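Asker: Sequence first, then the predicted structure:
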Amino acid sequence: MFRTNYFRSAACAALTIALSGLLFTACSDDSSSSASDQGKADPLAECTAPAFLKKGDKVALLSPSYSTPDSNIQNTAAVLKEWGFEPVIGKNVGKLDAGKYAGTAQERADDFIEALKDTSIKAILSNRGGYGTIQLVDLIDLKLVTDNPKWLIGFSDITTLHAMETKAGVMSIHGTMSSFIGKTRGKDDNSTLLRDLLKGTVPTYKVPKHKFNQKGKAEGILVGGNMATFVPLVGASDIDVFSGDGIILFMEEVGESLHNIDRMFNALELHGVMENVKGVVLGEFVDSGTDLNYETTEEMLSKYLKKYNIPVLCGFPAGHDDVNVPIVMGAKVKMDVTDNGATLAFDIDGEKKDVDTEKLLNKPSLAKSLRLILSGKLFSIDE
């Protein structure tokens, strides 16, 4: 009896010592490396650039969000033909659901999926924004996007689809849409810059100095877009491109109060997004409210951005104002902000072209109501 208890006690003691050693080793040997790795996000992967378009290539005209009049789509189709492309209008584009959407979520997703699968289609041009693309994310297989790289074009609510494309490893173009191309017959600078980019002329933008710029140089993967559209994507595992390290964050808004913009930026900080940001590009903040005592939206945001040791480029002409130059989401970009202004360049193969945005800014403006309608802040089936 004594011997049995002795051996049992000895075995328990040995096991206790062994377990203690293992626990000590696990907590001590790797403590320095695990502490340094903890909280460090993986870099956001570089994306593939779809092939540039050539004469005769097909471009799908789709409505992933709100409906737009057929006249706008037909006018844009005519412009695409002038550019040397063949327009293909999605079969569900003319539908209307809930008084605003261009068909049900499944119908809009089906058009997108069909355009991805059609190997003869080389680009997808969104007809308008508004709201609704967040409903499509779970209906589109990311692998299908990865396996069929083609240029997706649009802005505003299309921001969701840009995040999806970037997560799938495919570059896309934040730029003008049928709602605008159709009204100008493609004669505006936004449209011609888009045409040239689709054909392989990659812009390097020179931007005037701005009082709220923060000097510096940075490079990283360009992500972002419309704040109200992309902020809800943070934490959405399938398309969250904002939790990857090494990003350049682009932000723009239209028709939002300053306190809403403040709330959205604070949400980014609370989610830890700003820890991954190497530089910030502030686009157009159109018709922002006057509910807080700031001179501009940029002044309000600069209050937060000053604490980050990163360059900030203000006044970049992309978003919901008259000048909405195309930029390539998911591309590696280099930004250089100095006392005299700033440059934004894309690391993409193609013919390079310098674009002085100051020369584009003195153009006739769209009416405020029209900007709000086209952005989805107001809705009219006639626009």
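Answerer: Happy to help now that I have it.
Asker: contacts and neighbour counts: CA atoms only from here.
Answerer: Fine.
Asker: Distance check, the nearest residue to Lys81 once chain neighbours are set aside against Leu292.
Answerer: Excluding the flanking residues, the one nearest Lys81 by CA to CA, 6 or more residues apart in numbering is Pro87, at 7.0 Å. Separation of Pro87 from Leu292 (CA to CA, to the nearest Å) stands at 46 Å.
Asker: quick one: which of these two has more around it?
Answerer: Taking neighbours as other CA atoms under 10 Å, Pro87 and Leu292 compare with Pro87 leading, 24 against 13.
Asker: The more buried one in helix, strand or coil?
Answerer: Using DSSP: H, G, I helix; E, B strand; the rest coil, the structure places Pro87 in strand.
Asker: wait, what's in contact with it?
Answerer: Lys58, Val59, Ala60, Leu61, Ala77, Leu80, Lys81 (CA atoms under 8 Å, 6 or more residues apart in numbering).
Asker: Find the helix or strand that the second one is a member of.
Answerer: Using DSSP states H and E, Val59 maps to strand 58-62.
Asker: What of Glu107?
Answerer: Per DSSP H and E: helix 105-117 holds Glu107.
Asker: gap between that helix and the chain center?
Answerer: 20 Å (CA atoms, centre = their mean, to the nearest Å).
Asker: contact partners of that helix?
Answerer: Contacts of helix 105-117 (CA under 8 Å, 6+ apart): 60, 62-65, 90-93, 102, 121, 124, 132, 135-136, 139-140, 144-145, 148-150.
Asker: Can you check what angle separates that helix from strand 58-62?
Answerer: 170 degrees (axes from the mean of the first three to the mean of the last three CA atoms, to 10 degrees).
Asker: what's around Lys122, how many residues?
Answerer: With other CA under 10 Å as criterion, Lys122 counts 24.
Asker: Then it would be within a strand, right?
Answerer: Yes: assigned with three-state DSSP, Lys122 falls within a strand.
Asker: can you give me the strands for the stretch 51-200 of the chain?
Answerer: Assigned by DSSP state E, counting those that start in this stretch, the strands in the stretch 51-200 of the chain fall at 58-62, 86-89, 121-126, 151-154, 172-174.
Asker: do the stretch 201-350 of the chain as well
Answerer: Under DSSP E, counting those that start in this stretch, the stretch 201-350 of the chain gives strands at 201-208, 216-226, 247-254, 277-286, 312-313, 327-329, 332-338, 341-346.
Asker: what angle do the first one and strand 341-346 make?
Answerer: Think strand 201-208. 160 degrees.
Asker: just how off-centre is strand 201-208 within its chain?
Answerer: Using CA atoms, centre = their mean, the offset of strand 201-208 from its chain centre is 18 Å.
Asker: Kindly write the PyMOL command that selects the buried subset of the contacts of helix 105-117.
Answerer: Listed next is the PyMOL selection for buried residues among the contacts of helix 105-117, using 16 or more other CA atoms under 10 Å:
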select buried, resi 60+62+63+64+65+90+92+93+102+121+124+132+135+136+145+148+149+150
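Asker: which ones among the contacts of helix 105-117 are found in helices?
Answerer: Among the contacts of helix 105-117, the residues falling in helices (DSSP state H) are Leu144, Val145.
Asker: ok, the residue nearest to the spatial centre of the chain - contacts?
Answerer: Nearest to the geometric centre of the chain sits Gly224, at 3.5 Å (CA atoms, centre = their mean). Contacts for Gly224 were tallied using CA under 8 Å, 6+ apart; they are Thr159, Ala163, Phe230, Phe242, Leu249, Phe250, Met251, Met329.
Asker: 6 Å - rerun?
Answerer: Leu249, Phe250, Met251 (CA atoms under 6 Å, 6 or more residues apart in numbering).
Asker: and Arg108, how many neighbours does it have?
Answerer: Count around Arg108 with other CA under 10 Å applied: 27.
Asker: Next, find the distance separating it from Ile239.
Answerer: 18 Å.
Asker: got it, and Val202?
Answerer: From Val202 to Ile239 the distance is 26 Å (CA to CA).
Asker: which one of the two has more residues nearby?
Answerer: Val202 (25 against 22).
Asker: Wait, that one touches Asp349, no?
Answerer: No: using CA atoms under 6 Å, Val202 is not in contact with Asp349; the gap is 7.9 Å.
Asker: Now do the nearest residue to Gly289 once chain neighbours are set aside against Ile310, distance only.
Answerer: Sequence neighbours aside, Ser257 is the residue nearest to Gly289 in space, at 4.2 Å (criterion: CA to CA, 6+ apart). Per CA to CA, Ser257 is found 26 Å from Ile310.
Asker: Equivalent analysis for Gly84, please.
Answerer: 42 Å.
Asker: any idea how far the residue nearest to Lys81 is from Ile181?
Answerer: Taking CA to CA, one finds Pro87 at 14 Å from Ile181.
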